[in-house]
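Asks: need a structure here:
(one chain, ligands or ions: 1)
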Amino acid sequence: MQYSSGAHGIYDVLRFFSNLMCIMEALGKKRKGLEILQLSRNSLKQLTIWSHLSLESSSRHKKKCKEDDIKEVSSSKNVFQGIVTAPPCRSTCQPARGLKRKIGCIDAATQMGRKKKIDQDYELGEIIGKGKFGSVTLCRNKVSGEQFACKTLRKGEELVYQEVEIMQHLSGHPGIVTLRAVYEDAESFYLVMEFCSGGRLLDQMAREGNYSEHRAANILKELVLVIKYCHEMGVIHRDIKPENILLTSSGRMKLADFGLAARVSNGQSLAGVVGSPAYVAPEVLIGDYSEKVDIWSAGVLLHALLVGMLPFQGDSVEAIFQAIKKVNLDFETGVWESVSQPARNLIAGMLTRDVSARLTADEVLRHPWLLFYTEQILETSTFKSKTRNRVKLTSKQLTAITGVESERNKTIAGSFLSDDSCLNSSSDSSSRRSEEQECGLVDALAVAISRVRISEPKRSRLCSPTSPIRQQCSSNMKLNNLCTAF
Ligand SMILES: Nc1ncnc2c1ncn2[C@@H]1O[C@H](COP(=O)(O)OP(=O)(O)OP(=O)(O)O)[C@@H](O)[C@H]1O
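Replies: Below is the predicted model of the structure:
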């Protein structure tokens, strides 16, 4: 088996991470050059990650992501150009292209931690999770007494080096499990991470069943913000699913498990068939894909949150794949009757097989349904008023939802001042009344969606052969934090 993804980048990371001996070992396992990952049919069969057939099923199959028989693919489309090489880290971590800039900065801090063994600084406790390359244990800082989770990754598989590198690259964002320190010995890496005591989103979903639209929208927003950040940082997660979304004690979600994540640069697409069957995008199965696969997987999750079942099911992995490629989802009948039209519209936009028509992270974040439930723009006196069967959406609110201020909004606002079909003035329950009003408002948004032009899907910077990846910090992160993440 051989594969490569940015050998030069990993080389540089290892140079900082390890002593010379480790570097030589690592180099022996890497291929240089620009390559694309492809899987043979045989290795596809080995790829069983978690193919749950229903959310009730808690059986969890271990994923196998061996990317066998990888071939270099050259194409006139220039689909895979190799990892961007950045200048070495500067003392002040000036903005620069590529991953190495930040990795270089982090390394300086990490090297110090690596002079010691992990057990000099941390007390390892009980096992809290098991993965394919090692286990996750509780650990406690010997000085501060603070609790962390320690993921032990046995060296050897290329993916392990990649996971360490990507975790370092992304750590610092509030929606990603924070990496506190990295240690290593001859056999393993030890990633000391913040401990997410709230468990996995999957377990919460199994416990609680369907989520209200309000709750689902807020989960989706947090997730898509993280996905957007990953994409801006040149990383595709490739395994978005509720098992990999952890919760903190306060209920905030943190994206974890970058074991299948891949780095991409401008103009690149990937071909390695990896992911979890039920969440995998159709183009992954074809073997030519980009960052939009994460949007598909997030759409699958939204589907599961709202109606408690996965959109594409089957008795075998092959059957699930067939469903992903062929089944046309029906959002009109059955369980969908109790879900608002805008929610259905958003899921349909995320689960579009035509990749260029599928929503981007930005478009998901701008979707009226998401804005409605997450921006609290409709918590106005109108919404809270005692008026039972009159639902108002002002032109100002429409502008907030659509981002477009226009005379037309005034017309649209006027056109759905009320939606009695969803309201029941005879109901004497105030909570029911409130739900009904909400229902009317959300469905009214369907009208807005159909009338407001959403801009053409942009060729994201990851797909554009001409625009370089720009390092960006989200608004709540300072550039410096990126460089001193642990
Ligand atoms: N920071 C954390 N805080 C709390 N629990 C964690 C943390 N990281 C991981 N875990 C637990 O350990 C399990 C395995 O972790 P993770 O998914 O990162 O490992 P993995 O080797 O990639 O596993 P898999 O083979 O399922 O991909 C998680 O499902 C979770 O239950």
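
Asks: tell me which parts of the stretch 51-200 of the chain are close to the ligand?
Replies: Counting by CB under 6 Å from any ligand atom, the positions of the stretch 51-200 of the chain adjacent to the ligand are 62-63, 128-129, 131-133, 136, 149, 151, 177, 193-196, 200. All C-beta spots, glycine's among them, are computed from the backbone N, C-alpha and C.

Asks: hmm, 8 Å instead?
Replies: With CB under 8 Å from any ligand atom as the criterion, the stretch 51-200 of the chain meets the ligand at residues 60, 62-63, 128-136, 148-149, 151, 153, 163, 177, 193-197, 199-200.

Asks: in ChimeraX, select just the buried ones from those.
Replies: Filtering these down to the buried ones (16 or more other CB atoms under 10 Å) takes a single ChimeraX command:
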select :63,128,129,132,133,134,136,148,149,151,153,163,177,193,194,195,196,200
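
Asks: mark which of the residues of the stretch 51-200 of the chain next to the ligand are part of strands, please.
Replies: Taking DSSP state E as the definition of strands, these contribute 128-131, 134-136, 148-149, 151, 153, 193-194, 199-200.

Asks: what's the farthest-apart pair in those residues?
Replies: The most widely separated members of these, counting by CB to CB, are 153 and 199 (21.3 Å).

Asks: all helices of the stretch 151-300 of the chain, in order?
Replies: 158-170, 201-208, 213-232, 282-286, 292-307 (DSSP state H, counting those that start in this stretch).

Asks: next, the buried residues of stretch 136-151.
Replies: Going by neighbour count (16+ other CB under 10 Å), the buried part of stretch 136-151 is 136-140, 148-151.

Asks: about what we covered before: any chance of the helices of the stretch 151-300 of the chain in a markdown table, plus mean pLDDT?
Replies: Listed next are the helices of the stretch 151-300 of the chain as a markdown table, based on pLDDT from 0 to 100:
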| stretch | mean pLDDT |
| --- | --- |
| helix 158-170 | 90 |
| helix 201-208 | 95 |
| helix 213-232 | 97 |
| helix 282-286 | 96 |
| helix 292-307 | 98 |
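
Asks: got any ranges where the stretch 351-486 of the chain has weak pLDDT?
Replies: For the stretch 351-486 of the chain, the stretches with pLDDT under 70 are 376-486.

Asks: do the stretch 51-200 of the chain as well
Replies: Checking the stretch 51-200 of the chain against pLDDT under 70 turns up 51-115.

Asks: one more time with 90
Replies: 51-117, 130-134, 154-162, 185-188 (pLDDT under 90).

Asks: now do the buried residues in the strand or helix carrying residue 342.
Replies: Secondary structure from DSSP states H and E places residue 342 in helix 341-350. For helix 341-350, burial by neighbour count (16+ other CB under 10 Å) applies to 341-347, 349-350.

Asks: tell me the contacts of the residue nearest to residue 226 when sequence neighbours are not counted?
Replies: Leaving aside its sequence neighbours, residue 226 sits nearest to residue 175 (CB to CB, 6 or more residues apart in numbering; 3.6 Å). Contacts for residue 175 were tallied using CB atoms under 8 Å, 6 or more residues apart in numbering; they are 222-223, 225-226, 229, 252-255.

Asks: gap between the nearest residue to residue 351 once chain neighbours are set aside and the ligand?
Replies: Among residues not flanking residue 351 along the chain, residue 299 sits closest, at 4.4 Å (CB to CB, 6+ apart). Residue 299 is 21 Å from the ligand, where distance means CB to the nearest ligand atom, to the nearest Å.

Asks: please renumber so the chain begins at 39
Replies: In the new numbering, first residue 39, that becomes residue 337.

Asks: what sits against residue 337?
Replies: Counting by CB under 8 Å, 6+ apart, residue 337 has contacts 385, 387-389.

Asks: adding distance to residue 311, write those residues out as a markdown table.
Replies: Shown next, in a markdown table, are the contacts of residue 337 (distance: CB to CB, whole Å):
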| residue | distance to residue 311 |
| --- | --- |
| 385 | 24 |
| 387 | 24 |
| 388 | 21 |
| 389 | 19 |
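
Asks: is it true that residue 247 touches residue 347?
Replies: No: with contact defined as CB atoms under 8 Å, residue 247 does not reach residue 347; the gap is 10.6 Å.

Asks: which one of those two has more residues nearby?
Replies: residue 347 (14 against 10; other CB atoms under 10 Å).

Asks: pop out the phi and psi values for the more buried one.
Replies: Here is the backbone geometry of residue 347 (degrees, to the nearest 10): phi -150, psi 160.

Asks: and for the one 3 residues further on?
Replies: Torsion angles at residue 350 (phi, psi; degrees, to the nearest 10) stand at phi -120, psi 120.

Asks: excluding chain neighbours, give the residue nearest to it in space.
Replies: Closest residue to residue 350 apart from its sequence neighbours, by CB to CB, 6+ apart: residue 361 at 4.0 Å.

Asks: so who does that neighbour touch?
Replies: 350-352.

Asks: among those, who's most crowded?
Replies: Neighbour-wise, the contacts of residue 361 (other CB under 10 Å) top out at residue 350, 22 neighbours.

Asks: and that residue, what does it touch?
Replies: 316, 338, 358, 361-362, 365.

Asks: then residue 190?
Replies: 172-175, 226-229.

Asks: residue 386 touches residue 370, doesn't it?
Replies: No: contact criterion CB under 8 Å: residue 386 and residue 370 do not qualify, at 10.9 Å.

Asks: can you tell me which of the contacts of residue 337 are up against the ligand?
Replies: Applying CB under 8 Å from any ligand atom to these, none is adjacent to the ligand.

Asks: now do the residue nearest to residue 389 against residue 319, distance only.
Replies: Distance of residue 337 to residue 319, computed by CB to CB, to the nearest Å: 9 Å.

Asks: and if you look at residue 243?
Replies: For residue 243 relative to residue 319 (CB to CB), the value is 21 Å.

Asks: quick one, which of those two is more surrounded?
Replies: Using other CB under 10 Å as the criterion, residue 243 and residue 319 rank with residue 319 on top: 24 against 20.

Asks: I figured the more buried one hits residue 330, correct?
Replies: Yes: with contact defined as CB under 8 Å, residue 319 and residue 330 form a contacting pair (7.0 Å).

Asks: drop anything exposed from the contacts of residue 350.
Replies: Counted by 16+ other CB under 10 Å, those give 316, 338, 358, 361-362 as buried.

Asks: and of these, the nearest to the ligand?
Replies: Using CB to the nearest ligand atom, residue 316 comes nearest to the ligand of the buried ones among the contacts of residue 350, at 14.2 Å.

Asks: which one is that closest one nearest to, not counting chain neighbours?
Replies: Going by CB to CB, 6+ apart, residue 316 has residue 348 as its nearest residue, at 4.9 Å.
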